[in-house]
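Student: What shape does this take:
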Amino acid sequence: MSQKKLSLQEQLLKAGLVTTAQARTAKSDKHKQVQQQRHNNLQAVDEAKRLAQQALAEQAERDKELNRLRQEQEEKKQLAAQIRQLIENNRIAIDETAIEEYDDSQAYHFTDRNKVKKLFVPKAMREQITGGKLAIVRLRKRYEVVPVEIAGKIRERDPACVIVWNDASAAPVENCDDPYAQYQIPDDLVW
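Tutor: Numbers count the residues shown, from 1 in each chain. This next block holds a predicted model:
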(Lines give C-alpha, C1' and ligand atoms only; values in the text may rest on other atoms or scores of the structure.)
Protein backbone atom coordinates (compact mmCIF):
# COMPACT_ATOMS: atom_id res chain seq x y z
CA MET A 1 0.00 0.00 0.00
CA SER A 2 2.61 2.39 -0.67
CA GLN A 3 1.05 5.15 -2.48
CA LYS A 4 2.96 7.97 -3.93
CA LYS A 5 1.85 11.28 -2.58
CA LEU A 6 0.28 13.39 -5.25
CA SER A 7 0.76 17.11 -5.49
CA LEU A 8 -2.25 19.37 -5.18
CA GLN A 9 -2.15 20.02 -8.91
CA GLU A 10 -2.22 16.29 -9.70
CA GLN A 11 -5.01 15.72 -7.21
CA LEU A 12 -7.11 18.48 -8.81
CA LEU A 13 -6.46 17.01 -12.27
CA LYS A 14 -7.44 13.51 -11.08
CA ALA A 15 -10.61 14.85 -9.52
CA GLY A 16 -11.39 16.69 -12.78
CA LEU A 17 -11.64 20.09 -11.20
CA VAL A 18 -9.01 21.64 -13.52
CA THR A 19 -7.84 20.94 -17.05
CA THR A 20 -4.27 20.16 -18.10
CA ALA A 21 -4.05 23.53 -19.87
CA GLN A 22 -5.00 25.32 -16.66
CA ALA A 23 -2.46 23.21 -14.77
CA ARG A 24 0.32 24.08 -17.25
CA THR A 25 -0.58 27.77 -17.08
CA ALA A 26 -0.54 27.72 -13.28
CA LYS A 27 2.82 25.88 -13.32
CA SER A 28 4.38 28.36 -15.73
CA ASP A 29 2.99 31.29 -13.71
CA LYS A 30 4.46 29.80 -10.57
CA HIS A 31 7.81 29.30 -12.35
CA LYS A 32 7.78 32.93 -13.58
CA GLN A 33 6.93 34.13 -10.08
CA VAL A 34 9.86 32.19 -8.59
CA GLN A 35 12.23 33.53 -11.26
CA GLN A 36 11.00 37.10 -10.67
CA GLN A 37 11.42 36.68 -6.94
CA ARG A 38 14.98 35.40 -7.44
CA HIS A 39 15.74 38.33 -9.73
CA ASN A 40 14.26 40.85 -7.24
CA ASN A 41 16.24 39.23 -4.45
CA LEU A 42 19.45 39.72 -6.43
CA GLN A 43 18.51 43.35 -7.04
CA ALA A 44 17.80 43.81 -3.34
CA VAL A 45 21.18 42.27 -2.50
CA ASP A 46 22.90 44.53 -5.05
CA GLU A 47 21.07 47.58 -3.66
CA ALA A 48 22.07 46.69 -0.10
CA LYS A 49 25.67 46.19 -1.22
CA ARG A 50 25.67 49.57 -2.99
CA LEU A 51 24.20 51.30 0.07
CA ALA A 52 26.79 49.66 2.32
CA GLN A 53 29.61 50.81 0.04
CA GLN A 54 28.16 54.32 -0.04
CA ALA A 55 27.95 54.38 3.76
CA LEU A 56 31.58 53.22 3.99
CA ALA A 57 32.67 55.91 1.54
CA GLU A 58 30.81 58.61 3.51
CA GLN A 59 32.34 57.36 6.77
CA ALA A 60 35.81 57.42 5.19
CA GLU A 61 35.18 61.00 4.01
CA ARG A 62 34.06 62.08 7.50
CA ASP A 63 37.10 60.40 9.05
CA LYS A 64 39.39 62.13 6.56
CA GLU A 65 37.82 65.51 7.38
CA LEU A 66 38.15 64.90 11.13
CA ASN A 67 41.79 63.90 10.71
CA ARG A 68 42.44 67.05 8.67
CA LEU A 69 40.85 69.21 11.39
CA ARG A 70 42.86 67.46 14.10
CA GLN A 71 46.04 67.95 12.10
CA GLU A 72 45.28 71.67 11.63
CA GLN A 73 44.68 72.06 15.37
CA GLU A 74 47.94 70.25 16.11
CA GLU A 75 49.81 72.52 13.68
CA LYS A 76 48.27 75.60 15.34
CA LYS A 77 49.38 74.33 18.75
CA GLN A 78 52.90 73.73 17.43
CA LEU A 79 53.05 77.23 15.92
CA ALA A 80 51.82 78.77 19.17
CA ALA A 81 54.46 76.81 21.09
CA GLN A 82 57.18 77.96 18.68
CA ILE A 83 56.06 81.58 19.00
CA ARG A 84 55.91 81.34 22.80
CA GLN A 85 59.40 79.81 22.87
CA LEU A 86 60.81 82.50 20.54
CA ILE A 87 59.36 85.28 22.68
CA GLU A 88 60.33 83.80 26.04
CA ASN A 89 63.88 83.00 24.95
CA ASN A 90 64.55 86.33 23.20
CA ARG A 91 62.52 88.94 25.04
CA ILE A 92 64.37 91.95 26.30
CA ALA A 93 63.82 92.42 29.99
CA ILE A 94 62.69 95.89 30.93
CA ASP A 95 64.94 97.15 33.69
CA GLU A 96 62.53 98.73 36.12
CA THR A 97 65.34 100.58 37.88
CA ALA A 98 66.09 102.45 34.64
CA ILE A 99 62.59 103.88 34.62
CA GLU A 100 62.51 106.64 37.20
CA GLU A 101 58.76 106.92 37.55
CA TYR A 102 55.81 105.02 36.16
CA ASP A 103 53.82 107.85 34.69
CA ASP A 104 52.42 108.53 31.25
CA SER A 105 55.52 110.42 30.19
CA GLN A 106 57.55 107.17 30.35
CA ALA A 107 55.00 104.96 28.60
CA TYR A 108 55.24 103.90 24.96
CA HIS A 109 51.74 104.08 23.47
CA PHE A 110 50.59 101.80 20.65
CA THR A 111 47.37 100.32 19.33
CA ASP A 112 46.30 96.70 19.52
CA ARG A 113 42.93 95.63 18.11
CA ASN A 114 41.76 99.25 17.86
CA LYS A 115 42.59 99.96 21.50
CA VAL A 116 45.37 102.20 22.71
CA LYS A 117 47.77 100.32 24.97
CA LYS A 118 50.86 101.47 26.80
CA LEU A 119 54.06 99.78 27.82
CA PHE A 120 56.46 101.34 30.30
CA VAL A 121 59.97 101.23 28.82
CA PRO A 122 63.18 103.17 29.39
CA LYS A 123 63.90 106.08 27.07
CA ALA A 124 66.70 104.23 25.26
CA MET A 125 64.43 101.26 24.56
CA ARG A 126 61.65 103.58 23.34
CA GLU A 127 64.10 105.15 20.88
CA GLN A 128 65.10 101.69 19.62
CA ILE A 129 61.42 100.76 19.14
CA THR A 130 60.71 103.94 17.16
CA GLY A 131 63.98 103.50 15.25
CA GLY A 132 62.96 100.03 14.08
CA LYS A 133 65.57 98.05 16.03
CA LEU A 134 63.10 96.53 18.51
CA ALA A 135 59.51 95.36 18.13
CA ILE A 136 56.58 94.80 20.48
CA VAL A 137 54.89 91.40 20.33
CA ARG A 138 51.91 89.92 22.14
CA LEU A 139 52.30 86.80 24.25
CA ARG A 140 48.88 85.78 25.54
CA LYS A 141 47.68 88.96 27.30
CA ARG A 142 51.13 90.47 27.88
CA TYR A 143 53.34 92.56 25.65
CA GLU A 144 57.05 91.87 25.27
CA VAL A 145 59.89 93.69 23.51
CA VAL A 146 62.04 91.58 21.16
CA PRO A 147 64.70 92.28 18.50
CA VAL A 148 63.36 92.78 14.97
CA GLU A 149 65.07 89.58 13.75
CA ILE A 150 62.94 87.57 16.20
CA ALA A 151 59.87 89.65 15.30
CA GLY A 152 60.45 88.63 11.67
CA LYS A 153 60.45 84.95 12.62
CA ILE A 154 57.30 85.47 14.68
CA ARG A 155 55.61 87.33 11.81
CA GLU A 156 56.32 84.37 9.49
CA ARG A 157 54.43 82.10 11.88
CA ASP A 158 51.61 84.45 12.93
CA PRO A 159 51.51 88.08 11.79
CA ALA A 160 48.87 88.97 14.40
CA CYS A 161 51.38 88.47 17.24
CA VAL A 162 53.63 91.33 16.07
CA ILE A 163 51.98 94.49 17.36
CA VAL A 164 54.59 97.22 16.75
CA TRP A 165 57.36 96.95 14.20
CA ASN A 166 58.52 100.32 12.89
CA ASP A 167 60.27 100.09 9.54
CA ALA A 168 63.46 102.15 9.81
CA SER A 169 63.91 102.31 6.02
CA ALA A 170 60.39 103.61 5.30
CA ALA A 171 60.40 107.23 4.23
CA PRO A 172 57.47 109.39 5.27
CA VAL A 173 54.91 109.92 2.52
CA GLU A 174 54.59 113.56 1.55
CA ASN A 175 51.25 115.11 0.72
CA CYS A 176 51.42 118.20 -1.52
CA ASP A 177 48.02 119.50 -0.39
CA ASP A 178 48.89 119.43 3.29
CA PRO A 179 49.29 122.98 4.65
CA TYR A 180 51.35 121.61 7.55
CA ALA A 181 53.74 119.66 5.34
CA GLN A 182 56.60 121.96 6.27
CA TYR A 183 56.28 120.93 9.92
CA GLN A 184 57.98 117.62 10.66
CA ILE A 185 56.17 115.29 13.08
CA PRO A 186 58.60 113.21 15.11
CA ASP A 187 58.10 109.42 15.21
CA ASP A 188 59.13 109.20 18.83
CA LEU A 189 56.49 111.63 20.02
CA VAL A 190 55.76 110.99 23.69
CA TRP A 191 52.13 111.44 24.59
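Student: secondary structure class for the nearest residue to Asn166 once chain neighbours are set aside?
Tutor: Among residues not flanking Asn166 along the chain, Gly132 sits closest, at 4.5 Å (CB to CB, 6 or more residues apart in numbering). Heads up, the C-betas are built off the backbone N, CA and C, glycines and all. Local secondary structure at Gly132 is given as coil here, using DSSP: H, G, I helix; E, B strand; the rest coil.
Student: State the distance from Gly132 to Leu51.
Tutor: Computed as CB to CB, to the nearest Å, the Gly132 to Leu51 distance reads 65 Å.
Student: So between the two, which is more surrounded?
Tutor: Between Gly132 and Leu51, counted using other CB atoms under 10 Å, Gly132 has the larger neighbour count: 15 against 10.
Student: the domain parsing of this protein - what is it?
Tutor: As assigned by automatic domain parsing, the chain contains the domains 13-90, 93-172+182-191.
Student: Which strands or helices does the host helix or strand of Ile154 pack on?
Tutor: According to DSSP states H and E, Ile154 maps onto helix 148-157. Applying 3 or more CB pairs under 8 Å, 6 or more residues apart in numbering; DSSP states H and E, we find helix 148-157 packed against helix 20-90, strand 134-139, strand 162-164.
Student: Thank you, goodbye.
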